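Visitor: Quick one, fold the following:
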Amino acid sequence: MMGTRASIWFSLFVFSLLTSSICSEENESKEFVLTLDRSNFTDTVSKHKFIVVEFYAPWCGHCKSLAPEYEKAASILSSHDPPIVLAKVDASNETNRELANEFEIKGFPTIKILRDGGKAAQEYKGPREAEGIVTYLQKQSGPASLEIKSVEDASNFVGEKKIVVVGVFPKFSGEEFDNYTALAEKLRSDYEFGHTLDAKYLPRGETSVTGPVVRLFKPFDELYVDSKDFEVDALGKFVEESSIPLVTIFDNDPSNHPFVIKFFNNPNAKAMLFMNFSGETADSFRSKYGEVAEHYKGEAISFLLGDLDSSQGAFQYFGLKDDQVPLILIQTTDGTKYLKPNLEVDGIASWLKDYMDGKVPPYRQSEPIPEENKEPVKVVVGDSLEDMVLKSEKNVLLEFYAPWCGHCKSLAPILDEVAISFENDADVVIAKFDATANDYPTGTFNVEGYPTMYFKSASGKIVAYEGDRTKEAIIDFIEKNRDKAAAPQQELAKDEL
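Guide: Next comes the predicted model:
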């Protein structure tokens, strides 16, 4: 299972940003969110230097929760100077599928900020309640970097629980300043950027520097770091690497959640130590784990320390058990996992060394193969995936699901009906795969949310199912993509007579 899929279980524990709201009666008669589709999308977007587009699906619960907040934000932003336009596209509609693919929409809802008539697109990474949407978009529609002119400006900008980047320059011109502002534009959805002519306004670090220098402020480790390399790629790498803690803390503190997201989005292998933060040995584990993380700094491996109480989503995702803690789980960039349960403090360094030396065998997850598999929708597990699906000479529709997923529960009776409709067709199999309890080849299947469905034809062609979640749509898809069984030779002979 890929590290990028960590957002699936991360969403289980993050406090929901989707809250309900009722628009005032004055606005009920008018919809401020524009409805776009393939026919009017390009023409509408080209008229705006800044427009926000939500890609949604009508059946998506999160989209339904977002809808009143998005509409309320649109009504408020319509009075902004200049107005900020919010729009939406039904990405589940067949006519809009190409449009969704163009913007690499992989889940719902996904919100994109489009600039300069659609020439540049960035991911919306702000809140999902009206007030937060308004504040975030007001900042995003302004300059990418704000000028700091006083100690008060700096104090309000830097703060104590967030990452901010400040460029100190002798003048606001020249190659260094141009490169800095280009980077700020590129990364503005991920970081807050500022610039100043005088470092003495800034709250930390040497105040006599005249620049050009970039100072990144952070609420962990050494609190600030400087760089004087203004080559754009090098500067971007400095910002990205410096904004990840030596050890990321995974707990219920909302201020830590952005760093957890960054941890899982970075390209390194990921070492995750889960334990009880209130246990007697917690301090000893923290200290030793920090030493190990420092030792392997720069070795393309990142470290996270997770509290058992806050990590139940992670445990569901990885199929871990509470009685295995303290435990270390390492997941590599190709999805391979390595596990050490019931870890002792003194064993942390030696186990990590064995892993780095290639002496730890991979951990492969699979439920037992069912002795009986007589239900309409067949159960596939890790150890039966190859025989029942990949090497099967049948047409197989396979659902990747999670037991806790509400959308999966809603889909279950529909798949039962589909399976029953094919019960007399020996060449079609409808199957399900618990992706939280079984590993699968990530190079073959790309599962970034639940449920995800793939269809493997009898000849071996694998395609993702992206249609409506109705019995009729799924059956139609199977009939269009299946390989028909060859007629027996005897019957062919009769037909020829």
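Visitor: Can you tell me what sits against the helix or strand where residue 111 lies?
Guide: Residue 111 belongs to strand 110-115 when elements are defined using DSSP states H and E. By C-beta atoms under 8 Å, 6 or more residues apart in numbering, the residues outside strand 110-115 that reach it are 45, 48-55, 91, 103, 120-124, 137, 140, 189. Heads up, the C-betas are built off the backbone N, CA and C, glycines and all.
Visitor: let's see it at 7 Å
Guide: Around strand 110-115, the neighbours that count as contacts under C-beta atoms under 7 Å, 6 or more residues apart in numbering are 45, 49-55, 103, 121-124, 140.
Visitor: What subset of these is buried?
Guide: 45, 50, 51, 52, 53, 54, 55, 103, 122, 124, 140 (16 or more other C-beta atoms under 10 Å).
Visitor: Below-threshold pLDDT in the protein: ranges please.
Guide: 1-29, 485-497 (pLDDT under 70).
Visitor: How is it partitioned into domains?
Guide: With domains defined by automatic domain parsing, the chain comprises 31-140, 145-242, 247-356, 378-481.
Visitor: Are we agreed that residue 75 is in a helix?
Guide: Yes: Residue 75 forms part of a helix when assessed by DSSP: H, G, I helix; E, B strand; the rest coil.
Visitor: now the domains of the chain as CSV including distance to residue 365?
Guide: CSV is the format used below for the domains of the chain (distance: least, C-beta to C-beta, whole Å):
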stretch, distance to residue 365
domain 31-140, 23
domain 145-242, 31
domain 247-356, 5
domain 378-481, 5
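Visitor: Residue 364: which of those domains is closest?
Guide: domain 378-481 (5.6 Å; C-beta to C-beta).
Visitor: Straight-line length of the closest one, end to end?
Guide: End-to-end distance for domain 378-481: 20 Å, by C-alpha to C-alpha, to the nearest Å.
Visitor: what's the spacing between that domain and its chain's center?
Guide: 23 Å (C-alpha atoms, centre = their mean, to the nearest Å).
Visitor: Next: stretch 333-347.
Guide: Worked out by C-alpha atoms, centre = their mean, stretch 333-347 lies 23 Å from the chain centre.
Visitor: circling back to that earlier point, in the strand holding residue 111, what counts as buried?
Guide: Quick answer for strand 110-115 (16+ other C-beta under 10 Å): 110, 111, 112, 113, 114, 115.
Visitor: again with stretch 304-311
Guide: 304, 305, 306, 307, 308, 310, 311.
Visitor: Show me which pair in these is furthest apart.
Guide: So, these by C-beta to C-beta: farthest apart are 304 and 308, at 13.3 Å.
Visitor: contact partners of stretch 195-203?
Guide: Here stretch 195-203 makes contact (C-beta under 7 Å, 6+ apart) with 145, 147-148, 150-151, 153-155, 158, 166-169, 172, 180, 207, 209, 215.
Visitor: Inside helices: which ones of these?
Guide: 151, 153, 154, 155, 158, 180 (DSSP state H).
Visitor: Next up, phi/psi of the closest residue to the second one other than its chain neighbours, please.
Guide: If the residues on either side of it in the chain are set aside, residue 153 comes closest to residue 201, at 6.8 Å by C-beta to C-beta, 6 or more residues apart in numbering. Torsion angles at residue 201 (phi, psi; degrees, to the nearest 10) stand at phi -70, psi -20.
Visitor: How about residue 464?
Guide: The phi/psi pair for residue 464 (degrees, to the nearest 10) is phi -80, psi 140.
Visitor: if I pick it, what's in contact with it?
Guide: Contacts of residue 464 by C-beta under 7 Å, 6+ apart are residue 454.
Visitor: hmm, 8 Å instead?
Guide: 446, 452, 453, 454, 455.
Visitor: Could you work out the most separated pair of these?
Guide: 446 and 455 (13.9 Å).
Visitor: what's across from residue 192 in the sheet?
Guide: residue 164 (DSSP bridges).
Visitor: What count of nearby residues applies to it?
Guide: 20 (other C-beta atoms under 10 Å).
Visitor: Ok, the one 4 residues further on next?
Guide: Under the neighbour criterion other C-beta under 10 Å, residue 196 is assigned a count of 24.
Visitor: quick one, phi/psi of it?
Guide: Given degrees, to the nearest 10, the pair of backbone angles that residue 196 has is phi -150, psi 160.
Visitor: Tell me the bridge partners for it.
Guide: Bridge pairing for residue 196 - DSSP bridges - gives residue 168.
Visitor: For the stretch 201-350 of the chain, which segments count as helices?
Guide: Counting by DSSP state H, counting those that start in this stretch, one finds helices in the stretch 201-350 of the chain at the ranges 232-242, 257-265, 282-295, 312-318, 348-356.
Visitor: any chance of the buried residues of strand 110-115 in TSV, with distance to residue 343 too?
Guide: Output for the buried residues of strand 110-115, formatted as TSV (distance: C-beta to C-beta, whole Å):
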residue	distance to residue 343
110	38
111	40
112	42
113	43
114	48
115	48
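Visitor: on that earlier part again, out of the helices of the stretch 201-350 of the chain, which is closest to residue 482?
Guide: helix 312-318 (32.3 Å).
Visitor: same for the closest one, what does it pack against?
Guide: Counting contacts by 3 or more C-beta pairs under 8 Å, 6 or more residues apart in numbering; DSSP states H and E, helix 312-318 packs against helix 6-13, strand 269-275.
Visitor: Let's see that helix as CSV, backbone CA atoms only.
Guide: Backbone C-alpha positions of helix 312-318 (Å, rounded to 0.1, in the frame of the first residue of the first chain) are rendered in CSV as follows:
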residue,chain,number,x,y,z
GLN,A,312,-6.7,4.3,15.6
GLY,A,313,-7.2,5.4,12.0
ALA,A,314,-3.7,4.4,11.3
PHE,A,315,-4.1,1.0,13.0
GLN,A,316,-7.3,0.3,11.0
TYR,A,317,-5.5,1.3,7.8
PHE,A,318,-2.4,-0.9,8.4
